[in-house]
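1. quick one: sequence and predicted model below, then my questions.
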Amino acid sequence: MYAKLVLRNARRSIQDYLVYLLTMTVCVTLFYSFLSISSSYYVPDIGTEYDFTMLSDGMKLAICAVTLILLFLIRFVNHYMLRRKQREFALQSVMGMEQRTIGRLFFAETFLMGLVSIAAGIFLGVFCSQFITALLLTSYGKQYEITWTLFPDTVLLTAGFFILSFLVVGLSNTRAIRKMKIIDMLTADRENGPEFRRSRWIWVLAIFFEVFSVWMCVTGVQKVLFYWDSRFALPVQLMFWGNILFPTMSLLWPVLWALRRRKGGFPALLSGLLLCALLNTIAAASVPALNSRYLLALGGGGVNQYLLFVLVDLIFLICALLYLASSFLVAWKEGAPEHRYKGENLFFFGQIISKLSTTSKTMSLTCVTLVLAIFLFIAAPVLVGWASGYLDERSMYDVQIFSRYNDVYEEADLPDDNYDEVTAYLAGHHIPVAGDCAFSLYLPERADFHNRVKYEFPVAAIALSDYNAIREMLGYTPITLADGEFATQWKAIATEEERDSFLREHPQVQTDAGTLTLSAQPFYEDSIGETAYNSYTDVLYIFPDSVCEQLLPVMCNRYITTEEAISYDNARELEQAFTGQYPELADTGVSYSIRLSTLQVNSTKAGNFVLQAAMLYGAVVLMVICLTVLSLQQLLDAGQYRYRFSVLRKLGVEEGRIGRLVLRQLGVWFGLPIAVAILVSMVVIVYFLQTVSAEIAAYIGFSALMAQIAVTTGILVLLFCYFLSTWLLFKKAIGTAPDGRALPV
């Protein structure tokens, strides 16, 4: 009998469980599709030069860690269903059913729906996993073919995780039902909203904002004392003084508000702080843009410090704006009486203002979480593209051997080696070599050997013949230099401003072999790898061979390209053999390193994919959580609104106008936090892209970035189904049928 009762209740309540089923199905689909590539049955054809174990283990750890957030969502959705069915529980209790039995029946009902969502999610996950597989194979440069495969271990892990979650939450719900009073359950759908109380959380946040304003003001004063120069351009001067003036305004406004005997109340204080937070954000966000444009010496630590200020200001801006939303709406309503009494606006304002006053904290948390989700969507392809482009720079050769002299203090201890052991290994394992270049890097003047200041590290030089040998290995055309001339080679990350400034300041170079003059072709930007440069420098001198013969060699490098890619096992063996012969830091102070393209590509591609998958998965999970909270927050109150809308019908309001009124109400609840989140996300993303603009230009390209942003926007649009399902369920809850007819109250 109980089994029949559970099945009948589940069948009759299928519409009430729509959001529950939708949310759980999406969660299961994401979990299975992302985790499928970590299955022991999944063996992609990515070649012998890759080890898939690293990616598989990392993927499993990352996805399982992010999925723990879903426990909150599962509990929240179950709490919604518990609130929806309290009247039914009360009637069953009045009929004589024990509350313990009621709790068990509800647990069985939600568990049954959970099993349905697990089955549907795994089914959809098989299709969605093809997208993840395509993303994986594309990142490894392999061709993608559709293969419909169900992985047993992933199915068991997915089912096990969600069934365990349903059991834990279900037991908690059963205990909660046993403690409920029948009278409370009978009147649950007639309760008004929670009593309005002036929450303390916004006061705590305001104090926190004031503390950061003090820190920002002190930091601004320090930057002026250390870096100020009257020759700075006007925008730079405004930046320096703005980061002092605006935080000072944030500190003075509460004093002025108190002296005016708190005129306007707390909304006036918060409105002033809101304006100050906006000005603080503009001032702090200008730091990275002007720092890179005018080549200021603020350093990475200073820029990161202002990034923290921007984040704090934006969080306070979001919370203050949503907290004051009801006050702004009341002021607009009072100031425009022609709108207040137009149509159903009076009813609409009452609905919105009453809820905004009591849900500002939830709305603020939702908005902040949406900002994080949108940022993860955009940052994932940027970071992965950056790492992938940097990988091309790091792994241009199959074997790279290089040394550093940073800890060498005697010239006699400088390295002088051709690393013949590597040649012997390649020959012994029958690995044919296509190109090989062993060369030294020199200091223009011997006295530069003792210069160890980080930001004034001496630029190294390479002989013209060695430079042309490297260019030939990479397929570039050789260059020529006349006697007494030199040229420069630049990293891809170097900006045009940095290059032009350096060339203007160094038209000539003093060397131990005499003075050299800049060539008519002063610079080359063809990438030759990052290990050809001295520490902390983005430029390399190119000198004639006759000059380099008279200079001090400080580093010995060797680049090798092979006709075929070195297998992963051989690469690991060669790396271990080299590190055994050449320690990372020798007793003389020389540091030796070897990079094998196979190992570099394998670890970087695996790390990139795990990072991208985890960020995208986390972004979608956070997005689903936010939209579910927004949806259920309205559906929980929909039962209370049924009587209010019935009064409108009795007053003669047509169903079409009621439908538009519902659409407007839901549009505010969904649109307000989403619109604020999008606006704030644009500020955060612009700030982030500005700080890594050089890396984007060098390794990604802005056209590719725009394509990735377009794909991200498409993913966000797919989540519109939450709004649609909420709209349909809300109309049903207030007594409107899908075809627009009024249902009996």
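-> Cool, the structure landed. Remember, it's a predicted structure, so these values are computed and weren't measured experimentally.

2. got the CA positions of the helix or strand harbouring residue 33 in CSV?
-> Element membership for residue 33, per DSSP states H and E: helix 18-35. Output of helix 18-35 as CSV, limited to C-alpha atoms (Å, rounded to 0.1, in the frame of the first residue of the first chain):
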residue,chain,number,x,y,z
LEU,A,18,9.9,19.9,-12.2
VAL,A,19,12.6,22.2,-10.8
TYR,A,20,13.9,19.4,-8.6
LEU,A,21,14.2,17.0,-11.6
LEU,A,22,15.7,19.6,-13.8
THR,A,23,18.4,20.6,-11.3
MET,A,24,19.3,17.1,-10.3
THR,A,25,19.4,15.9,-13.9
VAL,A,26,21.7,18.8,-14.9
CYS,A,27,24.0,18.0,-11.9
VAL,A,28,24.2,14.3,-12.8
THR,A,29,24.8,15.1,-16.5
LEU,A,30,27.7,17.4,-15.7
PHE,A,31,29.2,15.0,-13.2
TYR,A,32,29.1,12.0,-15.5
SER,A,33,30.2,13.8,-18.6
PHE,A,34,33.2,15.5,-17.1
LEU,A,35,34.2,12.4,-15.1
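
3. report the distance from stretch 383-394 to the chain centre.
-> Centroid displacement of stretch 383-394 relative to its chain, using CA atoms, centre = their mean, to the nearest Å, is 17 Å.

4. repeat for stretch 126-138
-> Remark: stretch 126-138 is offset 21 Å from the chain centroid, using CA atoms, centre = their mean.

5. how about that stretch: buried residues?
-> 126, 128, 129, 130, 132, 133, 136, 137 (16 or more other CB atoms under 10 Å). (Each C-beta comes from the backbone N, C-alpha and C, glycine too.)

6. was I right about the first one contacting residue 155?
-> No - counting by CB atoms under 8 Å, residue 126 sits too far from residue 155 to count as a contact (9.6 Å).

7. list residues touching both of those two?
-> Both residue 126 and residue 155 are in contact with residue 32, where contact means CB atoms under 8 Å, 6 or more residues apart in numbering.

8. the lengthiest helix in the chain: what's the following helix or strand?
-> Scanning the chain for the helix with the most residues, using DSSP state H, yields helix 597-650. Where DSSP H and E defines the elements, the next helix or strand beyond helix 597-650 is helix 655-691.

9. and that following helix, what's buried?
-> By 16+ other CB under 10 Å, the buried positions in helix 655-691 come out as 655, 658, 661-662, 664-666, 668-670, 672-674, 676-677, 680-681, 683-685, 687-691.

10. in this protein, which spans are strands?
-> In the chain, the strands defined using DSSP state E lie at 399-404, 433-443, 461-463, 485-490, 508-511, 514-524, 539-543, 552-562, 591-596.

11. each with direction, which strands does the fourth one pair with?
-> On the basis of DSSP bridges, the sheet neighbours of strand 485-490 come out as strand 514-524 (parallel), strand 539-543 (antiparallel).

12. most tightly packed of those strands?
-> strand 539-543 (a mean of 23; mean count of other CB atoms under 10 Å).

13. tilt between it and strand 433-443?
-> 90 degrees (axes from the mean of the first three to the mean of the last three CA atoms, to 10 degrees).

14. in contact with residue 351, which residues?
-> 641, 644, 665.

15. hmm, 7 Å instead?
-> Residues near residue 351 by CB atoms under 7 Å, 6 or more residues apart in numbering: residue 665.

16. ok, back up a step: looking at the strands of the chain, which one is packed in the most?
-> Comparing the strands of the chain by mean count of other CB under 10 Å gives strand 461-463 as most buried, with a mean of 25.

17. quick one: strands adjacent to that strand?
-> strand 433-443 (antiparallel), strand 539-543 (parallel).

18. what about that strand, average pLDDT?
-> Strand 461-463 comes out with an average pLDDT of 94.

19. quick one: distance of it to the chain centre.
-> Distance, centroid of strand 461-463 to centroid of chain: 41 Å (CA atoms, centre = their mean).

20. pull the residues that contact that strand.
-> By CB under 7 Å, 6+ apart, the residues outside strand 461-463 that reach it are 439, 441, 442, 444, 532, 540, 541, 542, 543, 545, 548, 551.

21. so who does the first one touch?
-> Going by CB under 7 Å, 6+ apart, residue 439 touches 462, 463, 466, 557.

22. skipping adjacent residues, who's closest to the last one in space?
-> Spelled out, that is residue 557. Closest residue to residue 557 apart from its sequence neighbours, by CB to CB, 6 or more residues apart in numbering: residue 402 at 4.5 Å.

23. any idea how far residue 460 is from that neighbour?
-> As for residue 402, its distance to residue 460 is 11 Å (criterion: CB to CB, to the nearest Å).

24. mutual contacts of those two, please.
-> Jointly contacting residue 402 and residue 460 under the rule CB under 7 Å, 6+ apart are residue 555.

25. show the average pLDDT along stretch 99-114.
-> Averaging pLDDT along stretch 99-114 gives 80.

26. ok, now stretch 606-617?
-> Stretch 606-617 comes out with an average pLDDT of 80.

27. swap in stretch 238-257?
-> Over the span of stretch 238-257, the pLDDT mean works out to 89.

28. for the residue nearest to residue 485 when sequence neighbours are not counted, which residues are in contact?
-> Leaving out its chain neighbours, the residue that sits closest to residue 485 by CB to CB, 6+ apart is residue 519, at 4.4 Å. Neighbouring residues of residue 519 by CB under 7 Å, 6+ apart: 481, 485, 486, 487.

29. tabulate these in CSV, adding columns for distance to residue 618 and pLDDT.
-> Shown next, in CSV, are these (distance: CB to CB, whole Å; pLDDT from 0 to 100):
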residue, distance to residue 618, pLDDT
481, 52, 91
485, 54, 94
486, 50, 95
487, 47, 95
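
30. and residue 459, its phi and psi?
-> Note on residue 459: backbone dihedrals following degrees, to the nearest 10 are phi -80, psi 130.

31. thanks again, I'm all set now.
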